[in-house]
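**Q** no FASTA, just this:
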């Protein structure tokens, strides 16, 4: 008989509820503040941007939130996702540790992002919203939301960071194929975009700028709402479907992780796989180490400060209590576009502050080394974001070997690299470079902040 | 409760044997002939190109051939693949028919091709082969073999049709990422390539030319064998894993198809899903219609002749009894590169001749219409090859509606379109064209044939 490599679940085993870690946190995150008054925001402040059901989820402390049947039904297009034992990687590393990964690249958009795009589009549809605006960097989130909006018959307007718009035409076409309209950001369509272009007509754009544009469109159009792919509490909660499935799969495998690892951009990838395991830890059950992995070129968790900051560049979003490098920080152009974001969500920031989770930062060459090894041993070519988790897993497995112990390690393989092959080409041709962030650059960015400290 | 959309199987339900339809065919295919002597080829003739185990499988009439454990183990990287009920498509069509599809795009190479690449690489590895040469058109087969060779530590050398090599750089990088060497074909590395270049230095290449080059490399190097991604009997047999799983999944769904549909290039895609259902039909069990769908621009099944022809352009392969347009026929540059092949495998040709299967031909604009509808209703963006099956399914569902009946239709969604988005862009911009093949062109190509008639 072959080894047990793949642990599957039936469609009927798709979890019925998302897990809301707010219920179990020893210290709840501080409230978001209004960008103008700097007072805590209420539902009415958020109503121009989000449907009421998502606003409720954003502030909910209910531990389990039911997943609507229509969402579970569409989840079944790609969920439950498979969990694999990485026998090939283990053998190549010569490790006695056991490595498992949850593979989210089987979704039609190729990443974990549809896990929240589908419920977000659903709640908007239920409340009669005709159009959703959003931003996208490398294109994973924009693809996911385009896909979800198409399924619910909602228009989708995407502001795509200009440098990615020009460099990743396939992602744009993918969104068009699902019926979305895609603009290069900064654009001439918004005040935010025009103000950036006035300063720099050749601006390559950034996620922060694109968020400003998308938020402005929603705020100024009655029939349009805004949607965010990470950072916010409800987004992180939707992603817990990943870890909730992984819990069942671990049980089927007769195992339980000592360490859970995920890439870290705004927090939804990490939250998705880690929070359901942290639930046990926070409620007196089994302990784990949960490690969030960020790129060294965008090190908000390992080198940022914990204070209030904006989610966007122009300063239109609520102020969020977060680990941040400052909302004007422009990360170097690494290939893991999904991790190029200046801040971390409020919940993950609080958990890091309280020592409940850990963070590590890794250079992209080490990540691509790991990605190539993974492609050659496990067969799947990982997205650049996902290689950060793989690199950390390799670090942990090597350390366990040095200590003469065996660890059980689970990580989130959040997407495939089909749209990132030019990055692999650079790597194979020896042209991939690492970017160091000087402390001076971080200090300059942070010195510009006039947001409330904590 | 959500609808039952996805029908899954456990890893332990991966079939243990491939199905060899030769055992049940009322008329076995005529033997392949030696290209020089025009006498039936024996194992010794094929030994320079293939490992002995595959030669045995090529001529075997044993009904069930055991799948080695090491192959089943690697199959579990992506198998069992999911089967879906296409509720979204059914609703959009307003049909009373039930539509199911088997989704092979979840493999790391993105198509059904690894189903035979992995066992082919395995048997080569077992017999000590160090290197495998092959051809690829759009890149699906080359990717699959690169992936499989990497897993078994075998070198892989791919001759990629030049027009695709230039136009689909991501497929090339994907092969490189799995360690393969990729040459644009025609190349200066072989006599076959040089002879083509001497006639036309700007030749865009063709699958037939690339096969000639890959075969020559294997025939002239002791440590190198050749591998083909379709047409041959053993290749079709390996693909029956698709239909064997689908049989189990249909049983789980409490259903059975009236019609099975698949795209048709050389035959492996179609054979993969249809043969296990034809087994019932051929042995007195349930009847089905099995429809092979080819592009109108390469209509060997619907407008070709049944006679012996070469598998390649230069005339190095054995002569195969096939439906063919002539081995010098150069298909128009449609986007479904995997269907641009002049001939059909011996088994499928015999089945068509005997009226056991059917064929239909569809223009690429109708196929892309179907592909867009599918992406918007089922969520998955299909490969151009796969859109041929979808277009036929829509034809059949509409016809059933007109007749006031309900049919159960199953098709093979053989791959995703992540590497074909420029084709979707052309379509969305209204720039996609259809290619008509004149009877004169077919007549000219066939008149050049001096191969044995049947």
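**A** Yes, it's here. Bear in mind the structure is a predicted one, so any value in this text is a computation, not a measurement.
**Q** contacts and neighbour counts: CA atoms only from here.
**A** OK.
**Q** would you tell me which helix is longest in chain A?
**A** helix A:233-253 (DSSP state H).
**Q** and that helix, what does it pack against?
**A** strand A:6-7, strand A:17-19, helix A:52-59, helix A:114-126, helix A:268-282 (3 or more Cα pairs under 8 Å, 6 or more residues apart in numbering or on different chains; DSSP states H and E).
**Q** run through who's touching that helix.
**A** A:7-9, A:14-15, A:18-21, A:54, A:57-59, A:80-81, A:83, A:102, A:112, A:115-116, A:119, A:228-230, A:256-257, A:267-269, A:271-277, A:345-347 (Cα atoms under 8 Å, 6 or more residues apart in numbering or on different chains).
**Q** how about the helices and strands packed on helix A:233-253 in TSV, adding mean pLDDT, mean neighbour count and distance to chain B?
**A** Converted to TSV, the helices and strands packed on helix A:233-253 look like this (pLDDT from 0 to 100; neighbours: other Cα atoms under 10 Å in any protein chain shown; distance: least, Cα to the nearest Cα, whole Å):
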stretch	mean pLDDT	mean neighbour count	distance to chain B
strand A:6-7	96	24	6
strand A:17-19	98	22	13
helix A:52-59	97	17	21
helix A:114-126	98	24	11
helix A:268-282	97	25	21
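**Q** ok, which of those comes nearest residue A:96?
**A** Closest of the helices and strands packed on helix A:233-253 to residue A:96 is strand A:6-7, at 19.2 Å (criterion: Cα to Cα).
**Q** okay, now the sheet partners of that closest one, with direction.
**A** strand A:83-85 (antiparallel) (DSSP bridges).
**Q** check what contacts the strand it pairs with and list those residues.
**A** A:4-8, A:98-103, A:246, A:249, B:77.
**Q** residues touching residue A:423, list them.
**A** Contacts of residue A:423 (Cα under 8 Å, 6+ apart): A:335, A:432.
**Q** in three-state terms, label it for me.
**A** Recorded secondary structure, residue A:423: helix (DSSP: H, G, I helix; E, B strand; the rest coil).
**Q** residue A:387 versus that one, what's the distance?
**A** 12 Å (Cα to Cα, to the nearest Å).
**Q** next: residue A:102.
**A** For residue A:102, the distance to residue A:387 - Cα to Cα - is 13 Å.
**Q** so for those two, which sits in the more crowded spot?
**A** residue A:387 (34 against 24; other Cα atoms under 10 Å in any protein chain shown).
**Q** tell me where the stretch 1-150 of chain A has helices.
**A** A:43-46, A:52-59, A:69-75, A:87-93, A:114-126, A:140-152 (DSSP state H, counting those that start in this stretch).
**Q** what strand or helix carries residue A:196?
**A** helix A:191-199 (DSSP states H and E).
**Q** now do whichever helix or strand comes after that helix against helix A:191-199, angle only.
**A** With elements assigned by DSSP H and E, the helix or strand that comes after helix A:191-199 is helix A:207-219. Counting by axes from the mean of the first three to the mean of the last three Cα atoms, to 10 degrees, helix A:207-219 lies at 140 degrees to helix A:191-199.
**Q** list the helices and strands helix A:207-219 packs on?
**A** Against helix A:207-219 (3+ Cα pairs under 8 Å, 6+ apart) you get strand A:131-136, strand A:155-161, strand A:181-185, helix A:191-199, strand A:224-226.
**Q** redo these as JSON lines? Include distance to chain B.
**A** Listed next are the helices and strands packed on helix A:207-219 as JSON lines, based on distance: least, Cα to the nearest Cα, whole Å:
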{"stretch": "strand A:131-136", "distance to chain B": "16"}
{"stretch": "strand A:155-161", "distance to chain B": "13"}
{"stretch": "strand A:181-185", "distance to chain B": "12"}
{"stretch": "helix A:191-199", "distance to chain B": "26"}
{"stretch": "strand A:224-226", "distance to chain B": "21"}
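**Q** got TSV for these, with mean pLDDT, distance to residue A:437 and mean neighbour count too?
**A** Below are the helices and strands packed on helix A:207-219 laid out as TSV (pLDDT from 0 to 100; distance: least, Cα to Cα, whole Å; neighbours: other Cα atoms under 10 Å in any protein chain shown):
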stretch	mean pLDDT	distance to residue A:437	mean neighbour count
strand A:131-136	97	24	28
strand A:155-161	97	22	27
strand A:181-185	98	25	23
helix A:191-199	96	24	17
strand A:224-226	97	32	25
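**Q** what's the neighbour count on the residue in the stretch 301-450 of chain A that chain B sits nearest to?
**A** Of all residues in the stretch 301-450 of chain A, residue A:380 sits closest to chain B, at 5.1 Å by Cα to the nearest Cα. For residue A:380, the neighbour count with other Cα under 10 Å is 24.
**Q** where does chain A have its least confident helix or strand?
**A** helix A:162-167 (a mean of 90; mean pLDDT, DSSP states H and E).
**Q** close to chain B, is that helix?
**A** No. Helix A:162-167 stays clear of chain B (Cα under 8 Å from any Cα of the partner chain), getting no nearer than 13.3 Å.
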